[in-house]
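Trainee: Got a sequence here, can you model it:
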Amino acid sequence: MQQDDTTQDTGQQGDIRDQLLDAALMHVAFDGWSETTFRAAVEDAGIDPGLARAICPRGSVDLAMAYHRRGDLAMAERLKITDLTGMRYRDKVALAVRFRLEAATDKEAVRRGATLFALPQHAADGAKLIWGTADAIWTALGDTSEDGNWYSKRATLSAVYSSVVLYWLGDDSPESAATWAFLDRRIDDVMRVESFKQQARRNPLLKPFMIGPDWLAKQIKAPKARPEDLPGSLG
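Mentor: Sure, this is the predicted structure:
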């Protein structure tokens, strides 16, 4: 019975956090993800300040992280109902990144979040969020890798996603057409690297140089409990 109570409390906390987040978004454009925004959200949502602080100990930082993760969930849900049959894998990845950006309906909230997580004291949180987005995309696309490829896929996609977000924030082209073209170029760059690696493995002259890296990649294991935790383990 205690387990049910805990689950219920967790759900209630999530509901309250969502209320605070929805209220905060009305203020982020003016005050950023700041203490001023958090206090205004608490007042607007009619939440007890002590309860709000218990759920979001770091105030607007926790709300900014919740906003980012809300976008990850929206992207994953949209992918679930999208027919990806017959699509190339690179196109699936590109589509997932596009869905993730389109889930961010408030560009100014993203811009303010980028500013927040660029601060040294919050940089680790920002990196964790980007890694979480990359993991959410690969998981939604059915990635089953369990060795070093688990990390390399997410690290590469994290870099792609970060650059595309920054481009998108400054893009004023109709329907973000320039951003989608930039995204395609970045994905193509990654695919060229992967193609080179595959060719190197088949080339008698280059194959010996790939043995060591390939062996090491097989020894690295993906984390089992919390995918966002690093560095995993050596098996």
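Trainee: just for the protein, where's the confidence low?
Mentor: 1-10, 193-235 (pLDDT under 70).
Trainee: Helices along that one, start to end?
Mentor: 2-31, 35-45, 49-55, 60-80, 89-103, 107-117, 123-140, 148-169, 177-202, 207-219 (DSSP state H).
Trainee: Outline the domain layout of this protein.
Mentor: 1-57, 67-234 (automatic domain parsing).
Trainee: can you list those domains in a markdown table and add mean neighbour count?
Mentor: Placement of C-beta: from N, CA and C, glycine included. Listed next are the domains of the chain as a markdown table, based on neighbours: other C-beta atoms under 10 Å:
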| stretch | mean neighbour count |
| --- | --- |
| domain 1-57 | 15 |
| domain 67-234 | 15 |
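Trainee: Next up, the contacts around the residue sitting nearest the centre point of the chain.
Mentor: The residue lying closest to the centre of the chain (C-alpha atoms, centre = their mean) is T133, at 1.7 Å. For T133, the contact set (C-beta atoms under 8 Å, 6 or more residues apart in numbering) comprises 68, 71-72, 75, 100, 158, 161.
Trainee: Please repeat the previous calculation with a cut-off of 7 Å.
Mentor: The contact partners of T133, by C-beta atoms under 7 Å, 6 or more residues apart in numbering, come to 72, 100, 161.
Trainee: now, which of those sits nearest K153?
Mentor: Distances from K153 to the contacts of T133, taken as C-beta to C-beta, are shortest for Y161 (12.1 Å).
Trainee: Hmm, that closest one is touching V97, no?
Mentor: Yes. Counting by C-beta atoms under 7 Å, Y161 sits close enough to V97 to count as a contact (5.9 Å).
Trainee: residues in contact with L119?
Mentor: L119 neighbours (C-beta under 7 Å, 6+ apart): none.
Trainee: For it, give its distance to A45.
Mentor: 26 Å (C-beta to C-beta, to the nearest Å).
Trainee: Same check on F117?
Mentor: 24 Å.
Trainee: Same question for E175.
Mentor: E175 is 33 Å from A45, by C-beta to C-beta.
Trainee: Distance across stretch 167-174, terminal residue to terminal residue?
Mentor: Counting by C-alpha to C-alpha, to the nearest Å, you get 14 Å between the two ends of stretch 167-174.
Trainee: Please list the outside residues in contact with it.
Mentor: Contacts of stretch 167-174 (C-beta under 7 Å, 6+ apart): 101, 107, 110-111, 114, 176, 178-179, 182.
Trainee: again, only using 10 Å
Mentor: 97-98, 101, 104, 107-108, 110-111, 114, 164, 176-183, 186 (C-beta atoms under 10 Å, 6 or more residues apart in numbering).
Trainee: tell me how far that stretch is from the chain's mean position?
Mentor: Distance, stretch centre to chain centre, for stretch 167-174: 19 Å (C-alpha atoms, centre = their mean, to the nearest Å).
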